[in-house]
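S.K.: Need coordinates for the following:
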Amino acid sequence: MKILKTLEKYMEDPSLELVASGHRACQGCAEVLALRMAFKVLGKNTIVAMATGCMEIISTPLPITCWRLPWIHVAFENTAAVASGIESAIRILMAKGKIDKKWINVVGVAGDGGTSDIGLQALSGALERGHRLIYICLDNEAYMNTGVQRSSSTPYGASTTTSPPGKKSIGQSTWKKDMPKIAVAHNIPYVATACPSYPFDLFNKLKKAKEKDGPSYIHILSVCPTGWRIPSEMAIEYGRLAVRCGMFPLYEVEDGVYKMTFKPDTLIPVEEYIKGQGRFRHLTEKEIKEIQQRVNSEWEKLNKLCEITKP
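M.R.: Numbers count the residues shown, from 1 in each chain. Got it, this is the predicted structure:
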């Protein structure tokens with residue numbers, strides 16, 4: 001009963017399920033869990049534009065769908081462009097009296113590849129133009145749908161099919177692209193990171209994004225047991241470890257003000273997060289130490305931004 005009362009703060013009907021069961025996600029997939037949570041907050045007055053990717057493939061095998069709201073499949077690269085068109089069309093139709101004036105959530109959904117790589121141009125344009133839409137990046141840190149290829153969101157040192165480790169390779173040789181900060185640079189009303197391992201934090205951020213009269217960007221860490229090579233029942237635990245070690249901090253930037261929304265008293269060692277993942281099993285102590293130093297440095301920078309921008 002206490003949990004139900006808490007949920008009522010975030011959503012009109014906690015029992016409403018807009019992502020139906022029966023989809024074909026892998027066991028333990030945290031990505032579809034994140035979407036289920038997000039749309040429970042956004043509600044039925046929502047239109048979705050979703051890029052090709054894991055969630056599109058598992059949710060719409062012809063001739064069925066697991067979506068209980070208007071849903072449009074779009075190409076890898078143009079999620080934000082299509083969402084922009086939907087938002088503009090709704091606004092014009094309302095202004096002409098063709099449809100009733102009411103609050104409709106326009107949501108773009110894509111993975112890290114469709115966001116930080118091939119969809120970045122369209123996303124930047126949508127944010128710059130100020131469309132009233134919510135863009136959700138489901139970050140499982142590689143192109144999982146097509147066979148675990150590296151993306152610019154793949155962590156340094158991770159093994160993928162296109163960044164395999166070897167005698168002369170550490171695996172992924174670049175550091176993870178900081179997409180939330182790129183979104184912040186567009187001076188939009190709201191940017192946040194989230195993870196389904198911290199559901200109430202995710203609920204609160206979607207609720208804030210829903211109420212903004214302008215673009216919002218939500219970057220959700222979506223643990224992938226298949227691509228990360230972890231046990232399927234450990235997805236939620238690894239999401240927590242990612243946050244608690246500082247590899248994926250939970251924060252929001254509201255009208256330019258940075259705020260940590262979950263801050264561990266003490267960061268756990270990065271090694272506790274990466275040691276059980278098959279994609280990192282080749283790393284040496286020296287390489288893990290290098291990653292730890294990078295995490296410490298980025299953590300300090302983020303905390304300084306929170307202090308500097310505090311009103």
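S.K.: got the residue ranges for the helices in the stretch 1-150 of the chain?
M.R.: Secondary structure of the stretch 1-150 of the chain, counting by DSSP state H, counting those that start in this stretch: helices at 2-7, 30-42, 54-59, 79-95, 112, 120-129.
S.K.: And the ones you listed: which comes nearest K207?
M.R.: Within those, the stretch nearest K207 is helix 30-42; the backing value is 5.6 Å (C-beta to C-beta). Using the backbone N, CA and C atoms, a C-beta is placed for each residue, glycine as well.
S.K.: pLDDT of that closest one, averaged?
M.R.: Within the predicted structure, the mean pLDDT of helix 30-42 is 96.
S.K.: what distance separates it from the middle of the whole chain?
M.R.: When C-alpha coordinates are averaged (C-alpha atoms, centre = their mean, to the nearest Å), helix 30-42 and its chain have centres 10 Å apart.
S.K.: Just the CA trace of it, in PDB.
M.R.: Output of helix 30-42 as PDB, limited to C-alpha atoms (Å, rounded to 0.1, in the frame of the first residue of the first chain):
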ATOM      1  CA  ALA A  30      16.800  -3.900 -18.300                       C
ATOM      2  CA  GLU A  31      16.100  -1.900 -21.400                       C
ATOM      3  CA  VAL A  32      12.500  -3.000 -21.800                       C
ATOM      4  CA  LEU A  33      12.100  -2.600 -18.000                       C
ATOM      5  CA  ALA A  34      13.200   1.100 -18.400                       C
ATOM      6  CA  LEU A  35      10.600   1.600 -21.100                       C
ATOM      7  CA  ARG A  36       7.900   0.000 -19.100                       C
ATOM      8  CA  MET A  37       8.700   2.400 -16.200                       C
ATOM      9  CA  ALA A  38       9.000   5.500 -18.400                       C
ATOM     10  CA  PHE A  39       5.600   5.000 -20.100                       C
ATOM     11  CA  LYS A  40       3.800   4.300 -16.900                       C
ATOM     12  CA  VAL A  41       4.800   7.900 -16.000                       C
ATOM     13  CA  LEU A  42       4.100   9.400 -19.400                       C
END
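S.K.: helices or strands next to that helix in the packing?
M.R.: In terms of contacts (3 or more C-beta pairs under 8 Å, 6 or more residues apart in numbering; DSSP states H and E), helix 30-42 is packed against helix 54-59, strand 105-111, strand 134-139, helix 199-211, strand 216-221, helix 235-244.
S.K.: Quick check, S84 in contact with Y135.
M.R.: No. Contact between S84 and Y135 fails when scored by C-beta atoms under 8 Å: they sit 10.0 Å apart.
S.K.: Quick check: neighbours shared by the two?
M.R.: Common contacts of S84 and Y135 (C-beta atoms under 8 Å, 6 or more residues apart in numbering): A126.
S.K.: And the helices of the stretch 1-150 of the chain: which comes nearest I308?
M.R.: Closest approach to I308 among those (C-beta to C-beta): helix 120-129, 22.4 Å.
S.K.: Go ahead and name everything in contact with the closest one.
M.R.: Here helix 120-129 has contacts from 77-81, 83-84, 108, 115, 133, 135, 182-183, 186, 188, 215, 217, using C-beta under 8 Å, 6+ apart.
S.K.: Sounds good, over and out.
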